[in-house]
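*Asks:* starting from these lines, generate the structure:
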Amino acid sequence: MAWNEPGGGKRERDPWGRNSGSGGGGKSPDFEKIFKQLRARLGRFGGSGGGGIFTIIVALLLAWLALTSYTVIGARQVGVVLRFGEYSRMLPPGFHLKLPSPIEEVSKVATTQVRSFSDKVTMLTNDENIVSVNFNVQYQVSDARDYLFSISDPDETLKEAAEAAVRSVVGNNNMDTLLSGQGAQLVAKTRVALQNTVDEYHSGIVVTEVSFQNVSPPDQVRDAFDDVNKAREDKQRIENEAQAYASQVVPVARGNAARIAAEAAGYKASRIAQATGDTERFNLLLAQYKAAPEVTRKRLWLETMESVLANNPKVIDGSNGRNMIYLPVNKLFGTKADGNVPVPGAQQQSAGADASANDSKSGGGQ
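*Replies:* Have a look, this model is predicted:
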């Protein structure tokens, strides 16, 4: 029957030969007897009592050596080996043998892991305005040895250095600069200041990114700053509209100016050509006049009269000077394109009268 098998009204016994009574009224266990029984049981593994204990000790020692004489470093980690608490060497990723603990201890540090933290600070700007800044910092471990031994708490130190860097950058700028579109420049300055600080501490940390998630004034003056931002946006919108209008009007004005300049150049060329032609014509006429003055004078007079009479209304006298009646024949019959008035039955008479008039005037001119 098992030692803890119930039934039979017998008192249960534990493996050490003790009676397990119910309740708390039993006697206290005999520790000397228990120790003797334990030594007797362990002695079965090595024959005699002393040899069995030695064998167990040796087995435990071998197990301890086997379990603490190697280490495995992950692909994203490096191992820092400490020999009696002092830095010894670095271990790359992989399987490595080492002296058993506590002679050598290995601290594993994730160097490729991107760590981050966020914080919120309220501070004064350069123009003595209060502003709240929510910022985030991302960083990695660049030197595992410095990260473990240069400072006691590198993560907490980085948080304090980040707050100091943010206060330094924000304190050197005014509220308008912080709320305008210059956030990227301020973030870059903060990152440089933070990296310089952690490098001075030899913390083994490289800052990969710093970002301002929210920069806002206190709630008491938020409405006023919102109005300022709205006015700034309206100004930018109006400037954009003005630039768009200028981009539309200026090309049209330039086109009109080019057209006017082209027309002026064409008019200039036309006038010059006409003047040149008139000069040439006058020179030719002068040469003809010098060669035959009388003939040229008469021809000019005839051409002039032809031009004048062709474009003006005429009065025809068919009574040989006895009666002179002026009739607005141009209104009665309508004038032709050449200025002549068609009179029925008087075309030949009109032609004869014109010819006699021309002869008489030619004779008078001579």
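*Asks:* only C-alpha atoms for contact and neighbour calcs from this point on.
*Replies:* Fine.
*Asks:* element containing the closest residue to residue 218 other than its chain neighbours, please.
*Replies:* For residue 218, ignoring the flanking residues on the chain, the nearest one in space by C-alpha to C-alpha, 6 or more residues apart in numbering is residue 131 at 6.2 Å. Using DSSP states H and E, residue 131 maps to strand 130-141.
*Asks:* partners of that strand in the sheet?
*Replies:* According to DSSP bridges, strand 130-141 has the following sheet partners: strand 115-124 (antiparallel), strand 205-216 (antiparallel).
*Asks:* can you pull out the strands in the protein?
*Replies:* Taking DSSP state E, the strands of the chain run over residues 70-73, 77-83, 86-91, 94-97, 104-110, 115-124, 130-141, 205-216.
*Asks:* contacts for the last one, please.
*Replies:* Going back to what we said before, that points to strand 205-216. Strand 205-216 has contacts (C-alpha atoms under 8 Å, 6 or more residues apart in numbering) with 131-143, 147, 178-179, 183, 187-188, 190-191, 194-195, 198-199, 222.
*Asks:* can you tell me which of these are buried?
*Replies:* Among those, those classed as buried by 16 or more other C-alpha atoms under 10 Å are 131-137, 139-143, 147, 178-179, 187, 190-191, 194-195, 198.
*Asks:* what distance do you get for residue 221 to residue 227?
*Replies:* 10 Å (C-alpha to C-alpha, to the nearest Å).
*Asks:* what residues are bridge-paired with residue 138?
*Replies:* Note on residue 138: beta-bridge partners by DSSP bridges are residue 116, residue 209.
*Asks:* remind me which residues of the stretch 1-150 of the chain are low pLDDT?
*Replies:* For the stretch 1-150 of the chain, applying pLDDT under 70 flags the ranges 1-32, 34-52.
*Asks:* 80 - rerun?
*Replies:* For the stretch 1-150 of the chain, the stretches with pLDDT under 80 are 1-56, 58-59, 62, 65-66, 68, 127-129.
*Asks:* how many neighbours does the nearest residue to residue 77 once chain neighbours are set aside have?
*Replies:* Nearest residue to residue 77, sequence neighbours excluded (C-alpha to C-alpha, 6+ apart): residue 110, at 4.3 Å. For residue 110, the count of nearby residues is 18 (other C-alpha atoms under 10 Å).
*Asks:* residue 114 too?
*Replies:* 12.
*Asks:* my guess is it contacts residue 142. True?
*Replies:* No - in this structure, residue 114 is not within contact of residue 142 by C-alpha atoms under 8 Å, at 11.0 Å.
*Asks:* name the residues contacting each of those two.
*Replies:* Contact criterion C-alpha under 8 Å, 6+ apart; residues shared by residue 114 and residue 142: none found.
*Asks:* do a quick rundown of the helices in the stretch 201-350 of the chain.
*Replies:* All helices of the stretch 201-350 of the chain, identified by DSSP state H, counting those that start in this stretch, fall at 222-291, 293-310, 329-332, 347-365.
*Asks:* mean confidence score for the shortest one?
*Replies:* On average, the pLDDT along helix 329-332 is 55.
*Asks:* picking up where we left off before, correct me, but the residue nearest to residue 218 touches residue 125?
*Replies:* Yes - the criterion here is C-alpha under 8 Å, and residue 131 meets it with residue 125 at 7.0 Å.
*Asks:* what residues are shared contacts of these two?
*Replies:* residue 175.
*Asks:* residue 70: neighbour count?
*Replies:* 15.
*Asks:* no no, residue 202
*Replies:* Residues contacting residue 202 under the criterion other C-alpha under 10 Å number 17.
*Asks:* roughly how far does the residue nearest to residue 77 sit from residue 204?
*Replies:* From residue 110 across to residue 204, the span is 12 Å (C-alpha to C-alpha).
*Asks:* find the residues that touch each one of the two.
*Replies:* Common contacts of residue 110 and residue 204, defined by C-alpha under 8 Å, 6+ apart, comprise residue 141.
*Asks:* coming back round to it: I'd like the strands paired with strand 130-141 laid out as a markdown table, including mean neighbour count.
*Replies:* Supplementary listing: those in a markdown table, determined by neighbours: other C-alpha atoms under 10 Å:
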| stretch | mean neighbour count |
| --- | --- |
| strand 115-124 | 14 |
| strand 205-216 | 17 |
